[in-house]
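**Q** Just the structure for this:
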Amino acid sequence: MAFSTLVITITTLVFTILLSTTPPSCSSPPSPFKKIYAFGDSYTDTGNTITSTGPTAFNHVSNPPYGVTFFHRPTNRYSDGRIVVDFVAEALSLPLLPPYRNPSADRSHGVNFAVGGATAIRHGFFMKNNITFNLVPQSLQTQLVWFDKILESDYGCKDLKTTPRECRGVFGDALIWLGEIGANDYTCSLGSSLSVKIIRTLAINSVTGFLQALMNKGAKYIVVQGLPQTGCTTYSFSLSSPEDRDQMGCVASMNKLSSAHNSALQAKLNVIKNQNPQAVIVYADYYNSHLSLMKNFKKYGFKELYKACCGYGGGAYNFDVFNTCGSPSSSSCSNPFEYINWDGAHLTEAVYKVLTDSFLNGTFCSPPFHYLVSKKLQNSVVD
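**A** Model (predicted):
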């Protein structure tokens, strides 16, 4: 489905619900949300990371050809163009989200706190266990601290108990978008003494604790992305043996890890949903949306499933961890819309567009995204 159809579909839903609850009007239906607050890692980062502050394995994000497809210049997004949260904003008729680290940006329609390389678990935990590979100091907790600063300084919101009016004013028209988070926790722990089970437990507890903290402040409309098929990124092939493959030709062990993480995350989300009936929490199934795209890649015009569009070395993967995209020795393909992998760890704008469509207008959100929109509009009418 074309992305313009996605925007029309959401607009139609808004218009239909408003017609059933309000008198006729000549004006266009408003966007269901006035602002978006986004969190996560490099899959959601719109500029909080620059070349000098990013993870060491992909530390050229400020250089061309990043951003070449849509912005025609690097914007410190880890893609050739727009990413999922950009398409979400466009579908909701909102401006693209500015990064938190741009203090001069207009924050009236939301802020993006996501950081490339961020972990779900606090940074100190990894340092205590002598894990420093590919780490950045920012975690999901860091992003919450940043958000708290804006809530208190700009809106006077501390929590629902002490500042209920101020917090309801912030969150009543806000969509919380938690992009994928946790993949970096597993990657940086490879080869360490920490078990996968420990990382999974701590990462998911961090996510659910983060969500509860937001709901204690008044967050009501939340989307939580699971992990994608991490075993299908070009980078994963360099970390595995040729025998470690699944039916899709991806790294089986990495995909198994992501799938187990997502199952545990969904179980925890069900618990906090029951504990917070006032909130609408939607799970965006990144893994199975990604899998569906891989299985039907020709339908969407893709030709290269595993090869990085931007990288070094050519061959089956065009990837060298010491010469990643944006480095002087790297080069880029001329047709990123035919590639799934952009730089070996992140996806192309064309892929992000398909994934966003599957979340907002497809079957890969539970409950469906249109349910969240309808609840928001119903609550707006009641209020």
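**Q** now what about stretch 152-171, what contacts it?
**A** Applying Cβ atoms under 8 Å, 6 or more residues apart in numbering, the contact partners of stretch 152-171 are Arg107, Leu151, Asn216, Lys217, Gly218, Ala219, Lys220. Every residue, glycine included, has its C-beta placed from N, CA and C.
**Q** Next step: those residues restricted to helices.
**A** Residues from the contacts of stretch 152-171 lying in helices, with DSSP state H as the criterion: Asn216, Lys217.
**Q** Pull out the buried members of the contacts of stretch 152-171.
**A** Arg107, Leu151, Lys217, Gly218, Ala219, Lys220 (16 or more other Cβ atoms under 10 Å).
**Q** In this structure the first one contacts Leu151, no?
**A** No: between Arg107 and Leu151 there is no contact under Cβ atoms under 8 Å: 11.3 Å.
**Q** quick one, what contacts the residue nearest in space to the middle of the chain?
**A** What sits nearest the mean C-alpha location of the chain, by Cα atoms, centre = their mean, is Gly179, with 2.6 Å. Each residue near Gly179 by Cβ under 8 Å, 6+ apart is listed here: Ala38, Phe39, Gly40, Asp41, Tyr43, Thr44, Val84, Val85, Ala114, Gln225.
**Q** In which helix or strand does the closest residue to Gly362 other than its chain neighbours reside?
**A** Using Cβ to Cβ, 6 or more residues apart in numbering and skipping residues adjacent in sequence, the residue nearest Gly362 is Ser289, 7.4 Å away. Assigned by DSSP states H and E, Ser289 belongs to helix 286-295.
**Q** Tyr352 too?
**A** helix 349-360.
**Q** How about residues contacting that helix?
**A** Against helix 349-360 from outside (Cβ under 8 Å, 6+ apart): 1, 3, 6, 10, 69-70, 79-84, 86-88, 91, 223, 284, 286, 289-290, 292-293, 300-302, 336-340, 347, 364-365, 369.
**Q** Equivalent analysis for stretch 275-288, please.
**A** 180, 211-212, 215, 219-229, 258-259, 262, 265-266, 269, 272-273, 355, 359, 364-369, 371-372, 375-376.
**Q** Which members of those are classed as buried?
**A** 180, 211, 215, 219-229, 258-259, 262, 265, 269, 272-273, 355, 359, 364-365, 368-369, 372, 375-376.
**Q** Just the contacts of stretch 275-288: which are in strands?
**A** Tyr221, Ile222, Val223, Val224, Gln225, Cys365, Ser366 (DSSP state E).
**Q** Excluding chain neighbours, what is closest to Thr44?
**A** Gly179 (3.0 Å).
**Q** any idea how far that neighbour is from Asp159?
**A** As judged by Cβ to Cβ, to the nearest Å, Gly179 and Asp159 stand 24 Å apart.
**Q** low pLDDT regions in the stretch 251-383 of the chain?
**A** 381-383 (pLDDT under 70).
**Q** Good, wrapping up.
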